[in-house]
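Peer 1: just need the structure, nothing else, for what follows:
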Amino acid sequence: MLKTVREYVLYTGMAVLRKISAVLRSTVLFFSIPARLALLVLITGALFKMTYAARVPYNISDHDLGAIRIEIPDTNHIGYMQYLERDRKLPELSPLENWGMLHPPLFHIIGAVFIHINDAGRSVKKIQASMEQLQLLNMFFACVLSFYVFAFVKELGVKENMLPAAAAFSGFFPSFFHIGAALNNDCLMTLFVVMGLYYTVRWYKNRTAANMTKITVCFVLGMLVKSSACLVVPAVFCIFLCALLEAVYKKKQAGPHGNNNEVFRISVQIALFLVVFMSAGFSWLIREYIKFGMPFNYMNDASVYAWQHVSSCSWRQRLFLPVWQQIAVIPYNDSRPDLSCNIWGELFLTMNFDEFKLYSVSALFSAGAVLMLWNSITLALAGFYGMCRMFFMGRTEFWKKILVALVFFVPFLSFIYMCFRYQHRACMNFRLIAYIPMAAMAGVSIYLCRNSTGSFFEKFIKCSCYLYATLSAVLFSVWG
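Peer 2: Residues are numbered from 1 along each chain as shown. Presented below is the predicted three-dimensional model:
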């Protein structure tokens, strides 16, 4: 029997490898040197991520992680997993009174499975080991995320000579290291969002039921990981409408003998997406509203932590340029809200360094961190400029402009609104919108596709991406 199982596993593994090899050979991925370099960079970035996750402790990033308690688990992320493993059912604790129970359960179910596999329910050390294993899986999600970000940009259009630069950015983007190492639901939610957007582009080019099914599954699962996955659904729905209007226009152009099947098929696919997404995707929010009266846009009150408060700062301090100390000496000072209340400063700091107190590290490390911070600021400004130029280019397809604009601006404006509605430092963390640089990168790539090769702007973007990736690789090699 054992021999039979071994043979079956070996046969199945070889079949999977042959299928993957055939798919790779059939794509343009292996047709050019830049594409091969891009693949190599992405694989290298994945190795760096997994090495980082294996080196750092599971609690390197707090973000409401909570403590491991055996008798009465707390109600943060780890406690949520312990409740699920112990009770074998969804929590019956009100999210209005228990800190972490507002989150949908999918990520925490995965954590509970790890605890159960290790038979760790009554052992702190075994639960810690389970969390270390979960951290490796979460970082694997971050590796897959990098590949999908690159694939999304490539699907919308990118110059062949820009492929390695795009891979360097997505493969070594610092925020993906942070959300991969953190034991919360941000990484998995971001992965499902990016996958859904990628398959939306694929669906627009090939409007099959299979592609629509992939979109639906991605966004439903994303909503069951974290409810903020819905922020990009308006962009997806607008792409659906663009495809439907295009089909209607083609039918009118063809006259009475036009094909009605295309319009009907797209309409049915959109209707089924809405029904499934609204029912399954919002099922957790509906449950919590019915059982506990939790509003759909509910967020925890962080007022119990005095150091989180930034309400004493004026709106000018928060929305205008940050003070020079915030972007020159990398502070994360719990006692100085005036040094950490600016939204833009916190956005770039948490994008690169999460909430780590970098003033406690060596002078050389701090110098490299400051250089990476300023590199990210200049790259972001250049990317925003290129994306805006793309919006006004007449030669770019309208649906691409709509997709990039809504994926970038809807979550971004929602983030700014949240920063003022909940005036706490935790609300200014970049991990909440970690996917929006992908939209800017896609906009820049489309813009560069319409311009001559070798321009100063193209060279600047390339050099900035390579420098950013190099600094990220060096810092994360010694960090932790």
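
Peer 1: so, low pLDDT: which residues of the stretch 1-150 of the chain?
Peer 2: Across the stretch 1-150 of the chain, residues meeting the criterion (pLDDT under 70) sit at 1-14, 16-31, 120-121.

Peer 1: now the helices for it?
Peer 2: All helices of the stretch 1-150 of the chain, identified by DSSP state H, counting those that start in this stretch, fall at 2-26, 33-55, 77-87, 106-117, 124-156.

Peer 1: give me the buried stretch members for the second one, please.
Peer 2: Within helix 33-55, the residues that qualify as buried are 34-35, 38-39, 41-42, 44-46, 48-50, 52-53, counting by 16 or more other Cβ atoms under 10 Å. Heads up, the C-betas are built off the backbone N, CA and C, glycines and all.

Peer 1: what separation do you get for Ala473 and Phe173?
Peer 2: Between Ala473 and Phe173 the computed distance is 11 Å (Cβ to Cβ, to the nearest Å).

Peer 1: look at those two and report which has more neighbours.
Peer 2: For Ala473 versus Phe173, the count of surrounding residues by other Cβ atoms under 10 Å is larger for Phe173: 27 against 15.

Peer 1: so what's the backbone phi/psi at that one?
Peer 2: Reported as degrees, to the nearest 10, the phi and psi values for Phe173 are phi -60, psi 120.

Peer 1: give the contact list for it.
Peer 2: With contact set as Cβ atoms under 8 Å, 6 or more residues apart in numbering, Phe173 has these partners: Ser146, Val149, Pro437, Ser472.

Peer 1: quick check: pLDDT value at it.
Peer 2: For Phe173, the model assigns a pLDDT of 96.

Peer 1: could you report the separation of it from Asn375?
Peer 2: To Asn375, Phe173 is 12 Å away according to Cβ to Cβ.

Peer 1: also Phe398?
Peer 2: Phe398 is 33 Å from Asn375, by Cβ to Cβ.

Peer 1: what do you get for Tyr148?
Peer 2: Taking Cβ to Cβ as the measure, Tyr148 falls 24 Å from Asn375.

Peer 1: neighbour count winner among the two?
Peer 2: Tyr148 (23 against 20).

Peer 1: for the nearest residue to that one once chain neighbours are set aside, what are its contacts?
Peer 2: Leaving aside its sequence neighbours, Tyr148 sits nearest to Val194 (Cβ to Cβ, 6 or more residues apart in numbering; 4.7 Å). If you count contacts by Cβ under 8 Å, 6+ apart, Val194 has them with Leu145, Tyr148, Val149, Phe152, Tyr435, Met438.

Peer 1: can you redo the residues you listed as JSON lines with distance to Cys341?
Peer 2: Supplementary listing: those in JSON lines, determined by distance: Cβ to Cβ, whole Å:
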{"residue": "Leu145", "distance to Cys341": "30"}
{"residue": "Tyr148", "distance to Cys341": "34"}
{"residue": "Val149", "distance to Cys341": "30"}
{"residue": "Phe152", "distance to Cys341": "33"}
{"residue": "Tyr435", "distance to Cys341": "25"}
{"residue": "Met438", "distance to Cys341": "28"}
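
Peer 1: from these, pick the one nearest Phe282.
Peer 2: Proximity to Phe282 was ranked across the contacts of Val194 by Cβ to Cβ; first place goes to Tyr435, at 20.3 Å.

Peer 1: buried residues, the helix or strand where Val220 lies. List them.
Peer 2: Here Val220 is covered by helix 209-225, with elements defined by DSSP states H and E. Residues of helix 209-225 classed as buried under the neighbour-count rule (16+ other Cβ under 10 Å) are 211-225.

Peer 1: just checking, next helix/strand downstream of that helix?
Peer 2: Sequence-wise, the next helix or strand beyond helix 209-225 is helix 233-254, with elements assigned using DSSP H and E.

Peer 1: just the helices in the stretch 351-480 of the chain please.
Peer 2: Counting by DSSP H, counting those that start in this stretch, residue ranges of the helices within the stretch 351-480 of the chain are 363-391, 398-421, 436-449, 456-478.

Peer 1: what's the most buried one of those?
Peer 2: Each of the helices of the stretch 351-480 of the chain was given a mean neighbour count from mean count of other Cβ atoms under 10 Å, and the largest, a mean of 25, is that of helix 436-449.

Peer 1: from the chain's centroid, how far away is that one?
Peer 2: Centre-to-centre, helix 436-449 and its host chain are 16 Å apart (Cα atoms, centre = their mean, to the nearest Å).

Peer 1: so what does that helix touch, helix or strand wise?
Peer 2: Helices and strands in packing contact with helix 436-449 are listed as helix 124-156, helix 163-171, helix 363-391, helix 398-421, helix 456-478; criterion 3 or more Cβ pairs under 8 Å, 6 or more residues apart in numbering; DSSP states H and E.

Peer 1: again, only using 7 Å
Peer 2: Helices and strands in packing contact with helix 436-449 are listed as helix 124-156, helix 163-171, helix 363-391, helix 398-421; criterion 3 or more Cβ pairs under 7 Å, 6 or more residues apart in numbering; DSSP states H and E.

Peer 1: many thanks, I have nothing further to ask.
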